[in-house]
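Student: Sequence and computational prediction follow.
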Amino acid sequence: MINAYHSHGSVTVLTAEENPPALAEDIVWLDLVDPTPEEDRHVEQLLGIEIPTRAELKDFEPSSRLYIEKNAVFMTASLVWKADSEAPEITDIAFILTAGKLVTVRYADPKSFKLFTAELCRKPAEAPWVGKMLLARLLETIADRTAEILESAVVHIDELSKEVFRPRSTRRPPQFLENKLADIAAHHRLISKVRDSLGSLSRMLTFLLNVPQIHHHPEIEDLCKTVAHDIATLSEHAGFVSSNIGFLLDASLGLISVEQNAIIKIFSIASVVFLPPTLVASIYGMNFEHMPELSWTIGYPLALFAMVLSAVIPFFFFRWKGWL
């Protein structure tokens, strides 16, 4: 699908079947959403540039993601997609500046694009938009959406931390902490993808700020610098959140080990406590002829008393040492 946005905020849908000789002058943004090969060729004929394919968008070589060709600026950035779901993903999106127009090629629908297009159509600018300004505003929206993802993750991680460090008596046994490991892993996966996206956006903005077309518009250049600063700040914040997740993971594993050790300690102490009575019972269970205690009238209760005493003494000794 090809969404054509006009300079005053209206939008039309272009089809490959229609073959106008040129784009309307007031069209400043062509948003190609999951385009077919026919739609790619249609836009290539209209603008005289080569539209990157899905396979080319996945190329991680910097020279293939950021370059200038035939006065057109080609940039590819990775954005977080499905951040609110259980399986967040990274999607590669191409941003192309050519002939005063912005062209985006994407095979996903990140929420930042929905927010930007809704705002663009609801509150068009007083002055006509241009492609470079649209790109700067779109990057600003992407940065805001990334900040929103991080803020939401911080809230959930804080709640998760409270759950992990709840008193042992209020936890839901017995696999409470083990179940929380899956939640920690999910947040780690999301933050990792956010950091990858921020790194990609940072490289893109560094490249964009060195493009001559941007230097001719101080307002756009200042906005790009602001967004670049926001991206750098978000990267630091994402690193801090990632370290908190690492601490939470280590703490959860440590608490699991503590609980397992506590269980093992109970079994160990129980075995030690019952070992002396077992020894006494084993001795008097021997079938030797000369065992004087066997002929005593009080032999049986005396053996029982010896077994109880041999169990009680280790128990109180462990209590005195603080092992129980």
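Tutor: Nice, I can see it.
Student: Give me the most central residue, the chain.
Tutor: L190 (0.9 Å; CA atoms, centre = their mean).
Student: what's near enough to touch the nearest residue to it once chain neighbours are set aside?
Tutor: What sits nearest to L190 in space, not counting adjacent residues and going by CB to CB, 6 or more residues apart in numbering, is P88, at 4.9 Å. Where C-beta positions appear, they are placed from N, C-alpha and C, glycine not excepted. Contact analysis of P88 by CB atoms under 8 Å, 6 or more residues apart in numbering lists V80, W81, K82, R189, L190, K193.
Student: Now the fifth one. Its backbone dihedrals?
Tutor: The phi/psi pair for L190 (degrees, to the nearest 10) reads phi -60, psi -50.
Student: cool, T104 as well?
Tutor: phi -120, psi 140.
Student: bridging residues for it?
Tutor: Counting by DSSP bridges, T104 forms beta bridges with D31, F95.
Student: OK, contacts around it?
Tutor: Shown in contact with T104 (CB under 8 Å, 6+ apart): W29, L30, D31, L32, I93, A94, F95, I96, F113, L138.
Student: Least confident of those?
Tutor: Of all those, W29 has the smallest pLDDT value, namely 80.
Student: Identify, by residue count, the longest helix of this structure.
Tutor: helix 218-283 (DSSP state H).
Student: distance between that one and the chain's centre?
Tutor: Averaging C-alpha positions (CA atoms, centre = their mean, to the nearest Å) puts helix 218-283 17 Å from its chain's average.
Student: ok, back up a step: any idea which of the contacts of T104 is closest to S271?
Tutor: Set against S271, the nearest of these by CB to CB is I93 (62.9 Å).
Student: what pLDDT, on average, does the helix or strand encompassing H42 get?
Tutor: Per DSSP states H and E, H42 falls inside helix 37-47. On average, the pLDDT along helix 37-47 is 80.
Student: Which strands or helices does that helix pack on?
Tutor: Packing partners of helix 37-47 (3 or more CB pairs under 8 Å, 6 or more residues apart in numbering; DSSP states H and E): strand 2-6, strand 27-33, strand 101-106.
Student: closest to I51 out of those strands?
Tutor: Of these, the one closest to I51 (CB to CB) turns out to be strand 101-106, at 6.0 Å.
Student: got the angle between that closest one and helix 37-47?
Tutor: Angular relation of strand 101-106 and helix 37-47 on a 0 to 180 degree scale: 170 degrees, by axes from the mean of the first three to the mean of the last three CA atoms, to 10 degrees.
Student: Could I get the average pLDDT for strand 101-106?
Tutor: In the prediction, strand 101-106 has an average pLDDT of 88.
Student: cool, stretch 73-87 as well?
Tutor: Mean per-residue pLDDT for stretch 73-87: 86.
Student: what's the first-to-last distance across that stretch?
Tutor: 32 Å (CA to CA, to the nearest Å).
Student: who's in contact with stretch 303-316?
Tutor: The contact list for stretch 303-316 (CB under 8 Å, 6+ apart) reads V272, V273, F274, P276, P277, L279, V280, A281, Y284, E293, L324.
Student: Relative to L160, which of the residues you listed is nearest.
Tutor: L324 (32.1 Å).
Student: Okay, and the beta partners of the closest residue to I49 other than its chain neighbours?
Tutor: Among residues not flanking I49 along the chain, A72 sits closest, at 4.9 Å (CB to CB, 6+ apart). Going by DSSP bridges, A72 is paired in beta bridges with E69.
Student: Could you tell me how many residues sit around A72?
Tutor: For A72, the count of nearby residues is 17 (other CB atoms under 10 Å).
Student: what's the answer for L160, then?
Tutor: Using other CB under 10 Å, L160 has 18 neighbouring residues.
Student: Hmm, it is touching L181, no?
Tutor: No. Contact criterion CB atoms under 8 Å: L160 and L181 do not qualify, at 10.5 Å.
Student: pLDDT weak spots in the stretch 201-324 of the chain?
Tutor: 284, 286-290, 294, 321-324 (pLDDT under 70).
Student: now swap in the stretch 51-200 of the chain and tell me
Tutor: 59-63, 123-129, 168-174.
Student: And the strands in it?
Tutor: Using DSSP state E, counting those that start in this stretch, the strands of the stretch 51-200 of the chain run over 66-69, 72-81, 89-98, 101-106.
Student: can you tell which of the ones you listed is closest to P218?
Tutor: Nearest of the strands of the stretch 51-200 of the chain to P218, taken as CB to CB: strand 89-98 at 17.1 Å.
Student: before we move on, the earlier item: is it possible to mark the buried ones in the contacts of stretch 303-316?
Tutor: V273, P276, P277, V280, Y284 (16 or more other CB atoms under 10 Å).
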